[in-house]
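[1] Sequence and predicted structure below; questions after.
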Amino acid sequence: MKKQFWITTILVILLIALGQAHASEKEVSKDQVPKAVLEAFEKAYPNAKEVEFEQGMIEGKAVYEIEYKENDREYEILYDADGEALQKEESIDVKALPEPITQAIAKVYPNATIEEAEKVMKPDGTVTGYEVEIKSEEKKFELQLDTFGKILKTEQD
């Protein structure tokens, strides 16, 4: 159990720091998602709506991202092929971003407008960081930040 915890923790850190899951994602149909992943998702989120599936690779292993809506919020949850949840993202109102996050963005992008925000969590709900989409000088960026406001990754859209 302890080994599994550390593997999950390392995968989550890699996802946040390196963003590797997004680099190789491709949309897949429900039929292409392993039974263990579907069962885990459907058990945990029986009221999910507008469900979409993507497959990616992390360190040579398949992972499955499921995007869905529930209670007027958008979520993304990442599973390994065995159906173990690795990470969850929840859309939040940009006004709900913690001050260290907004200050860090304002420092690096003083004229930016924050357009969308998500909190990134471990499966137990512990917040590990934030993803925000900003617009600055007619360019759009996606930023990944830790909980202290340190920008871990920047991608231009």
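    The structure has been received and is ready for your questions.
[2] Find the residue at the geometric middle of this protein.
    Centroid-nearest residue in the chain, with Cα atoms, centre = their mean: Glu89, separated by 4.2 Å.
[3] what's near enough to touch that residue?
    75-77, 118-121, 131 (Cβ atoms under 8 Å, 6 or more residues apart in numbering). (Glycine included, C-beta is placed from N, CA and C.)
[4] go again using 6 Å as the cut-off
    76, 118, 120 (Cβ atoms under 6 Å, 6 or more residues apart in numbering).
[5] Likewise for Gly129?
    16, 120, 145-147.
[6] quick one: the helix or strand containing it to chain centroid distance?
    Using DSSP states H and E, Gly129 sits within strand 127-136. In terms of Cα atoms, centre = their mean, to the nearest Å, the centre of strand 127-136 is set 10 Å apart from its chain centre.
[7] Give me the mean pLDDT for that strand.
    Taken as a whole, strand 127-136 has a mean pLDDT of 96.
[8] bridging residues for Val28?
    Phe53 (DSSP bridges).
[9] so where do the helices sit in the protein?
    2-18, 20-23, 35-44, 99-108 (DSSP state H).
[10] Which residues in the last one does the neighbour count mark as buried?
    Right, helix 99-108. Residues of helix 99-108 classed as buried: 101-102, 104-105 (neighbour count, 16 or more other Cβ atoms under 10 Å).
[11] on that earlier part again, quick one: which of the contacts of Glu89 is nearest to Lys140?
    Among those, Glu118 lies closest to Lys140 (Cβ to Cβ), at 15.2 Å.
[12] Would you mind measuring from that closest one to Ala48?
    Distance from Glu118 to Ala48, counting by Cβ to Cβ, to the nearest Å: 17 Å.
[13] Which one's more surrounded, the two?
    Just comparing Glu118 and Ala48: by other Cβ atoms under 10 Å the higher neighbour count belongs to Glu118, 21 against 16.
[14] mind listing what that one touches?
    So Glu118 contacts 89, 91, 131 (Cβ under 6 Å, 6+ apart).
[15] Next one: the second one from Ala62, what distance?
    Relative to Ala62, Ser91 is positioned 25 Å away (Cβ to Cβ).
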